[in-house]
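Student: coords please:
(one chain, ligands or ions: 2)
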Amino acid sequence: MKINFAAKAILICRKDVIIQPLETTEISLDCAVCKKLHRTVIIHKDIKKTQCAGHNFLAVIKTIENNKKVWKSFFMKEDVHEIIYHIEYEYREFEDPRDRTGYDRRMSNEYPSWGRINFLITCPKCNTTQKHFTQNNLVRPFIGVCEHCAYQLYKDDKEQPLFEKEV
Ligand SMILES: [Zn+2]
Ligand SMILES: [Zn+2]
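Tutor: Residues are numbered from 1 along each chain as shown. Ligands and ions are numbered 1, 2, ... in the order given. The predicted structure follows:
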């Protein structure tokens with residue numbers, strides 16, 4: 001059964017920051033091939049490249065959205081960058097056969113349990129491009145700081161990525 005979902009991250013950025021999402025994303029999904037829950041797989045735009053523990057994993061990034069909106073309040077002007085990965089993967093229900101999985105369930109489900117979104121960010125102050133990421137279990141509020149000049153680039157204050165089922 002094909003499952004489609006979106007993994008979405010929102011970054012509140014300083015003005016003139018440039019964001020470029022990578023063409024891979026890391027997501028934890030239940031794998032019916034090895035019958036294990038919470039497998040973290042690197043999902044690519046090319047379906048042949050997505051692997052789980054040495055076997056092909058039928059998952060692909062169909063499209064990546066990189067949206068920018070300008071948000072103005074009385075006190076400040078911020079750029080809101082929204083990264084959305086639209087992902088499709090093949091899901092089959094199974095039960096993890098191991099006695100102790102270490103998890104609170106043994107039956108699989110179709111929902112992603114964790115994700116990490118990687119992106120390149122260009123600092124408007126020193127013009128350096130560097131790789132940053134956001135993930136569900138980040139200690140928040142988090143301030144993304146330029147590794148070269150220490151300029152504060154963005155804030156990340158709500159748990160993300162958000163997962164939404166799509167049809
Ligand atoms: Zn697997
Ligand atoms: Zn900088």
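Student: Give me the helices and strands touching whatever helix or strand residue 27 lives in, please.
Tutor: Element membership for residue 27 (DSSP states H and E) is strand 24-31. With contacts taken as 3 or more CB pairs under 8 Å, 6 or more residues apart in numbering; DSSP states H and E, strand 24-31 sits against strand 36-44, strand 59-72, strand 77-90, strand 114-122. Heads up, the C-betas are built off the backbone N, CA and C, glycines and all.
Student: how about TSV for these, with mean neighbour count added?
Tutor: Below are the helices and strands packed on strand 24-31 laid out as TSV (neighbours: other CB atoms under 10 Å):
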stretch	mean neighbour count
strand 36-44	18
strand 59-72	13
strand 77-90	19
strand 114-122	19
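Student: which one of the ones you listed lies closest to ligand 1?
Tutor: When the helices and strands packed on strand 24-31 are compared by CB to the ion, strand 36-44 sits nearest ligand 1, at 5.3 Å.
Student: Give me the helices and strands touching that closest one, please.
Tutor: strand 24-31, strand 51-52, strand 59-72, strand 77-90.
Student: rerun that using 6 Å as the cut-off
Tutor: Here strand 36-44 touches strand 24-31, going by 3 or more CB pairs under 6 Å, 6 or more residues apart in numbering; DSSP states H and E.
Student: Any residue of the strand it packs on touching ligand 1?
Tutor: Yes. Using CB under 5 Å from the ion, strand 24-31 reaches ligand 1 at residue 31.
Student: what angle separates that strand from strand 59-72?
Tutor: 130 degrees (axes from the mean of the first three to the mean of the last three CA atoms, to 10 degrees).
Student: For the closest residue to residue 97 other than its chain neighbours, list the residues it contacts.
Tutor: In space, and not counting its chain neighbours, residue 97 is closest to residue 35: 6.0 Å by CB to CB, 6 or more residues apart in numbering. Residues in contact with residue 35 (CB atoms under 6 Å, 6 or more residues apart in numbering) are 94, 96, 97.
Student: Go again with 10 Å.
Tutor: 92, 94, 95, 96, 97, 98, 106, 108 (CB atoms under 10 Å, 6 or more residues apart in numbering).
Student: before we move on, back to that, I'd like to know the average pLDDT value across the strand holding residue 27.
Tutor: For strand 24-31, the mean per-residue pLDDT is 97.
Student: Grab the nearest non-local neighbour of the residue nearest to the spatial centre of the chain.
Tutor: Closest residue to the average C-alpha location of the chain: residue 117 at 3.1 Å, with CA atoms, centre = their mean. Of all residues not flanking residue 117 in the chain, residue 9 sits nearest, at 4.6 Å (CB to CB, 6+ apart).
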